[in-house]
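Engineer: coords please:
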Amino acid sequence: MLRARKGLWLALVLIVAAAIYAITRPKAVVVDVLAAKREDVQLSVVASGRVLAPARVEIGTTITGRIHKVAAREGVRVAADELLVALEQSELQAAVTQARAARDRARARVQSVTTLALPTAREARTQAASNVALAEKELKRSQELFAKGFISQSRVDEAERQLQVVRSQWAAAGTQVTAQEVQGAEAQQARMQLQEADAALALAQARLAQTEIRAPAAGVVLERLIEPGDIAQPARRMMTLALDGPARLIVQVDEKNLPLLAAGRTAMAAAEAFPNERFEAVIAYIAPGVDAARGTVEVRLDIPKPPPFLKADMTVSMDLAGPVLKQALIVPADAVRQLQSDAPYVMVLREDAAVRVPVRTGAQTQGRVQILEGLAPNDRVIVTRDIEPGARVRERR
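Structural biologist: A predicted model of the protein is given here:
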């Protein structure tokens, strides 16, 4: 009887202890579990970006003036050299007229030097040369008469003074001819004045031409900020144009995908506003450097046949197919903790507990990650987040 009582008490104690353990033991957390498995995986690069406008030009003026006419409005397509804005021209037209008159005067002076002043100077030099010859003869005759006693010394002195005068006149006439000739000072000065007048006229015409602001190339008016009567100033933007040109995409690709990128490779793209309308894009440029802050590489793609709905700055996504990984061990990217760090790990369900398992990762594509080390096929990987190592868990059924 004593043994029976002791056995009964022991069984009762065990039952009570089991009940207390069952009550105080943490309940198992229900988690989502996926089995790691091997499969063939098509690698691809998925990135987002935007449509890059060929060129965006801000239209302004280089002079100050009142706006006379605005010939384009927002959304209108304009041709190359088409008039966009016209400023008032009356003052600058008067300046052109004045400069043209000054040019004509300078041109007339050059013509005068060539056709009038130079022949006159040459004729004066010829006349002066004749006067010198005549004075020399007169002096010689006076000296002969003085030697014979027919005239006084004063007559000889007068003939010498007359010869000096005509020689001076001959020298002055020669200087005038030299000045009026092509390389002479007068001719050069006349030509320089004509050059200055031509430059002043060109400047006045250039300023007048600046009163008409024209489209630098064909495109679309994106923005118009002025109206007739406004004062245009060099520092003020008047319009913004998106110039026509080949459509391009600009995307930021994770630097880990650099081995999959190459100029000339074709990708499929889609605009966020039209996700079902996919179109081809060809890699045209890969930036030589990496953005250290974001760990991305800028990639630009040409669009051989841009769809009609594509607009500048549209948000787009790009999908570039890569090689196929044969029988790679794959898990969802959400299942890998600290994926971008140097020590990634996964939580594995073993004997109703969450176990932390360090892993070495490989390629990443479309929300999945290749596991190179740390897992075996069919290991049950916990996908649910916020599970601590050692926690009691059970698989969701």
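Engineer: domain-wise, how is this protein divided?
Structural biologist: Split into domains by automatic domain parsing, the chain comes to 26-43+325-395, 46-53+245-322, 63-87+211-243, 91-209.
Engineer: tell me the buried residues in stretch 61-74?
Structural biologist: Buried residues in stretch 61-74, counted by 16 or more other C-beta atoms under 10 Å: 61, 65, 67-68, 70, 72. C-beta: built from backbone N, CA, C; applies to glycine.
Engineer: CA atoms only: put that stretch into CSV for me.
Structural biologist: This file holds the C-alpha atoms of stretch 61-74, laid out as CSV (Å, rounded to 0.1, in the frame of the first residue of the first chain):
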residue,chain,number,x,y,z
THR,A,61,17.3,87.0,-75.1
THR,A,62,20.7,88.7,-75.2
ILE,A,63,19.3,92.2,-75.2
THR,A,64,16.7,94.2,-73.2
GLY,A,65,13.6,95.2,-75.0
ARG,A,66,9.8,95.3,-74.9
ILE,A,67,8.1,92.2,-76.3
HIS,A,68,6.1,93.0,-79.4
LYS,A,69,4.8,89.5,-80.3
VAL,A,70,4.7,85.9,-78.9
ALA,A,71,4.3,83.5,-81.8
ALA,A,72,4.2,80.1,-79.9
ARG,A,73,2.2,78.7,-77.0
GLU,A,74,2.6,75.6,-74.7
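Engineer: show me what the helix or strand where Ala86 lies packs onto, helices and strands only.
Structural biologist: Per DSSP states H and E, Ala86 falls inside strand 83-87. Here strand 83-87 touches strand 65-70, strand 212-214, going by 3 or more C-beta pairs under 8 Å, 6 or more residues apart in numbering; DSSP states H and E.
Engineer: just to revisit the earlier point, TSV for the domains of the chain, including mean pLDDT?
Structural biologist: Below are the domains of the chain laid out as TSV (pLDDT from 0 to 100):
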stretch	mean pLDDT
domain 26-43+325-395	83
domain 46-53+245-322	87
domain 63-87+211-243	90
domain 91-209	76
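Engineer: which strand runs longest in the chain?
Structural biologist: In the chain, assigned by DSSP state E, the strand with the most residues is strand 315-332.
Engineer: which element follows it toward the C-terminus?
Structural biologist: Remark: after strand 315-332, the chain's next helix or strand is strand 345-350, criterion DSSP H and E.
Engineer: that following strand vs strand 315-332, what angle?
Structural biologist: Going by axes from the mean of the first three to the mean of the last three C-alpha atoms, to 10 degrees, strand 345-350 is angled at 40 degrees with respect to strand 315-332.
Engineer: tell me which residues in strand 345-350 are buried?
Structural biologist: Neighbour-count burial for strand 345-350, counted by 16+ other C-beta under 10 Å, picks out 345-349.
Engineer: try stretch 188-201
Structural biologist: Neighbour-count burial for stretch 188-201 [16+ other C-beta under 10 Å]: 190, 193-194, 197, 200-201.
Engineer: same check, this time on stretch 289-302
Structural biologist: Using 16+ other C-beta under 10 Å as the test for burial, stretch 289-302 gives 296-302.
Engineer: please enumerate residues in contact with that stretch?
Structural biologist: 47, 49, 52, 246-255, 258, 261, 267, 269, 281-287, 318 (C-beta atoms under 8 Å, 6 or more residues apart in numbering).
Engineer: equivalent analysis for stretch 57-69, please.
Structural biologist: For stretch 57-69, contacts defined as C-beta under 8 Å, 6+ apart pick out 84-89, 207, 210-211, 213, 216, 219, 226-243.
Engineer: show me what the lengthiest helix in the chain is packed against.
Structural biologist: Using DSSP state H to define each element, the chain has its longest helix at helix 118-148. Helix 118-148 is packed against helix 153-180, with contacts defined by 3+ C-beta pairs under 8 Å, 6+ apart.
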